[in-house]
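In: just the structure for this:
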Amino acid sequence: MERDRGGDTVGHGGGDDADVCVVGAGPVGLTLAIGLRRLGLGVRIVDRAPETKREARALVLWARAREALDALGVGALLDAHGAELGAVTVHARGRALGELTTGWARSAFARPLNVEQHVIERLLAGELARLGTRVEWNTEVTDVKAHEDRAEFTLRHGDGVIETGSAPWIVGCEGTRSVVRDRLGIAFEGRRRTGLQVVQGNALPTWPLEEEPGRGHIFLAPRRALLVFPLPDGGYRFFCFRDDPDPALGAPPTLDELRDLVAETARMPGLRLAPAPSRWLNRARFSDRVAARLRSGRALLAGDAAHAWAPVGGHGMNVGVLGAHNLAWKLAAVHRGEAGEALLDTYDAEQRLMALRYIREMRFNFMELPLPPLAHRAFTATVPAALARSGFRRRLDLRLSDLRRHHRDSPLSVRVPGPGRGSGARAGDRMPDALVVPAEPGPEGPGEAVRLHRLLGYGTWTLVLHAGRADAVTLGALRAACAAVPVRVRPLAVTPADGRAAAALGDPGELRLVRPDGYVGLVAPLGRVDRLRAYLTGPAAGSRAADGA
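Out: Sure thing, here's the model as predicted:
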């Protein structure tokens, strides 16, 4: 590395011993850096901003992103600074139509957590510093070149000094105007969303609604949808998705404009708004775009640099965090020589497909999209009957939670047919967080039921099988197959603690090989050790030659 100024590099892995240069210290870049550091890689993370953002921005962490962050060791930290959302009352024409309820999923993080983005960034940056890596603020990437064995980059520091450097890998997480993506010549495909404006802000309302911890509100009106969620430090976040009568208007709204918009949409003419402790007012318009590819040799893209869309559903930050969770273990495995570079191509395929699905599905989220008068009347007429059904509330909660998002179409997802019924989690599904009793005693003591996710490890694959079928011969053959490959695999024999767990674990005659990020890679009969070995030397090892089936 050539430096045009004196001084030491910042943090563990800075300078010549950095295995990965992460560009952008938002939630996605910080999540990726923490994942890489926990897996033993040296990381350098730079951001052109002078410090962690002070703007509130994104607010909600859904269940699957909470699980991912907990797997990286920061779940409890975020929980301590957030507030769970338990229910949302839906209103239209001045009356309540019903309520949405959360917490239906079997997960330690079944409810969404309201915690503002600037708080998330501050907490994650602090955790990363405790792991030995500090963010280099006031440091902008101006050029990137990807080679077969490394990535070269140019940095401009806040004092104007130019630095050239290199690392085995570079990942652009610096937002929609990504320099990394631009310098790699990767197209940002899609188009601008017209007719949609988002006006949002934090405020303390004086209104007739009773304040109830953990309760939010949705107000539906012609050409407007208003979402109101409680903030951890007091007040509410108001999101108003509305039509865009004046596309040239770009200045942030005033508190009076937000008040008028909320009062009209909620039919509360006497409403008053005061600034919340966390002050923020914003007006935004969006494009729906996905990068043509997320990998170019030794350079990769994540977060808004890879995909972006209007914040309908509030999943943008969550999908980015899940992408970082997907990428970190794969990048570490390839860098350590445990897998070939084709494993990184599965990140590209899985993350792009997930983003494209969100963009498509969010165009039909009529609970948040502004509808014209006739469509609004027709839609709101169906809402009371729908919300009265517990099955509908459960399905909607599970959909929003992201727990049912899957990678079934991934090259990493393989099912080997067997004589069983084929029940339980499919290849590509998130492994359910079932209550199980491990065959080997854990910290809770012998015979104690624990959540399965507590037994999974982010640094290893986990071979999950029913303890009742794990006789010494079978277990010995499986362990021998796992020990013969570079991929890190830990066999785990468990007994389901109840009927729901038994259904989640599937046929006792099957094994499930769970990826480090918690998704099922392989489903196969227990006796097909040859198929397990083929998978571990094929897809799991990043081999294009073998398919493992």
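In: show residues contacting the top strand by length along the chain.
Out: If you go by DSSP state E, the chain has its longest strand at strand 197-206. With C-beta atoms under 8 Å, 6 or more residues apart in numbering as the test, strand 197-206 has contacts from 56, 231, 234-244, 247, 253, 255, 257-259, 261-262, 271-276, 278-286, 310-311. Glycine gets a C-beta too; all of them are placed from N, C-alpha and C.
In: the residues you listed in strands, which ones?
Out: 236-242, 272-275, 281-284.
In: and the two most separated of these?
Out: Spanning the widest gap among the ones in strands among the contacts of strand 197-206 are Arg272 and Ala284, at 24.7 Å by C-beta to C-beta.
In: who's in contact with the closest residue to Trp461 other than its chain neighbours?
Out: Once flanking residues are discounted, Trp461 sits nearest to Val489: 4.5 Å by C-beta to C-beta, 6 or more residues apart in numbering. Shown in contact with Val489 (C-beta under 8 Å, 6+ apart): Thr460, Trp461, Thr462, Leu463, Cys482, Leu513, Leu536.
In: so, low pLDDT: which residues of this protein?
Out: 1-16, 54, 441-446, 544-549 (pLDDT under 70).
In: CA atoms only for the helix or strand hosting Val22, dumped as PDB, please.
Out: Val22 belongs to strand 20-23 when assigned by DSSP states H and E. Written as PDB, here are the backbone C-alpha positions of strand 20-23 (Å, rounded to 0.1, in the frame of the first residue of the first chain):
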ATOM      1  CA  VAL A  20     -11.500  -7.100   2.900                       C
ATOM      2  CA  CYS A  21     -12.100  -3.400   2.300                       C
ATOM      3  CA  VAL A  22     -15.700  -2.500   3.100                       C
ATOM      4  CA  VAL A  23     -16.900   0.800   1.500                       C
END
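In: mind listing the helices for the chain?
Out: Using DSSP state H, the helices of the chain run over 27-38, 63-71, 75-79, 117-130, 179-183, 255-266, 316-335, 342-362, 373-387, 390-401, 472-483, 499-505, 529-537.
In: roughly how far does Val90 sit from Ala427?
Out: 37 Å (C-beta to C-beta, to the nearest Å).
In: surely Gly521 touches Leu513?
Out: Yes: at 4.9 Å, Gly521 counts as touching Leu513 under the criterion of C-beta atoms under 8 Å.
In: more neighbours, these two?
Out: Ranked by neighbour count (other C-beta atoms under 10 Å), Gly521 and Leu513 place Leu513 first, with 28 against 25.
In: what's across from the nearest residue to that one once chain neighbours are set aside in the sheet?
Out: Closest residue to Leu513 apart from its sequence neighbours, by C-beta to C-beta, 6+ apart: Leu522 at 4.0 Å. When bridges are called by DSSP bridges, Leu522 pairs up with Val414, Leu513.
In: now swap in Asn282 and tell me
Out: What pairs with Asn282, by the bridge criterion (DSSP bridges), is Gln200.
In: for Ala58, see how far away it is.
Out: 11 Å.
In: give me the more crowded residue out of these two.
Out: Ala58 (21 against 16).
In: can you give me phi and psi for that one?
Out: phi -60, psi 160 (degrees, to the nearest 10).
In: count of neighbours near the residue nearest to Val464 when sequence neighbours are not counted?
Out: Using C-beta to C-beta, 6+ apart and skipping residues adjacent in sequence, the residue nearest Val464 is Arg512, 4.7 Å away. Arg512 has 24 neighbouring residues, counting by other C-beta under 10 Å.
In: for Arg512, what are its contacts?
Out: Arg512 neighbours (C-beta under 8 Å, 6+ apart): Gly424, Ala425, Met431, Leu463, Val464, Leu465, Leu505, Gly506, Val520, Leu522, Val523.
In: what sits against the nearest residue to the third one once chain neighbours are set aside?
Out: Computed as C-beta to C-beta, 6+ apart, the closest residue to Met431 that is not its neighbour in sequence is Val514, at 4.8 Å. Neighbouring residues of Val514 by C-beta under 8 Å, 6+ apart: Met431, Leu456, Trp461, Thr462, Leu463, Val464, Val520, Gly521.
In: at 10 Å what do you get?
Out: Contact partners of Val514, counting by C-beta atoms under 10 Å, 6 or more residues apart in numbering, are 425, 430-431, 452-453, 455-457, 460-464, 489-490, 492, 520-522.
In: cool, and Leu30?
Out: Counting by C-beta under 10 Å, 6+ apart, Leu30 has contacts 22, 24, 45, 47, 52, 74, 120-128, 133, 135, 173, 321, 324.
In: what does Glu257 give?
Out: Counted by C-beta under 10 Å, 6+ apart, Glu257 has contacts Val199, Gly201, Ala251, Leu281, Arg283.
In: just Leu387 next, same as before
Out: Per C-beta under 10 Å, 6+ apart, neighbours of Leu387: Val88, Thr89, Val90, Ala96, Leu97, Gly98, Glu99, Leu100, Thr101, Arg393, Leu396.
In: of those, buried ones?
Out: Using 16 or more other C-beta atoms under 10 Å as the burial test, those include Val88, Thr89, Val90, Leu97, Gly98, Glu99, Leu100, Thr101, Arg393, Leu396 as buried.
In: who is the nearest residue to the last one once chain neighbours are set aside paired with across the strands?
Out: What sits nearest to Leu396 in space, not counting adjacent residues and going by C-beta to C-beta, 6+ apart, is Leu100, at 6.4 Å. According to DSSP bridges, the partner residues bridging Leu100 are Val88.
In: correct me, but Leu100 touches His91?
Out: No: assessed by C-beta atoms under 10 Å, Leu100 is found out of contact with His91, at 11.9 Å.
In: what do these two both touch?
Out: Applying C-beta under 10 Å, 6+ apart, one finds that Leu100 and His91 are jointly contacted by Ile218.
In: neighbours of Arg156, how many?
Out: If we define neighbours as other C-beta under 10 Å, then Arg156 has 16 of them.
In: what's the answer for Arg395, then?
Out: Count around Arg395 with other C-beta under 10 Å applied: 13.
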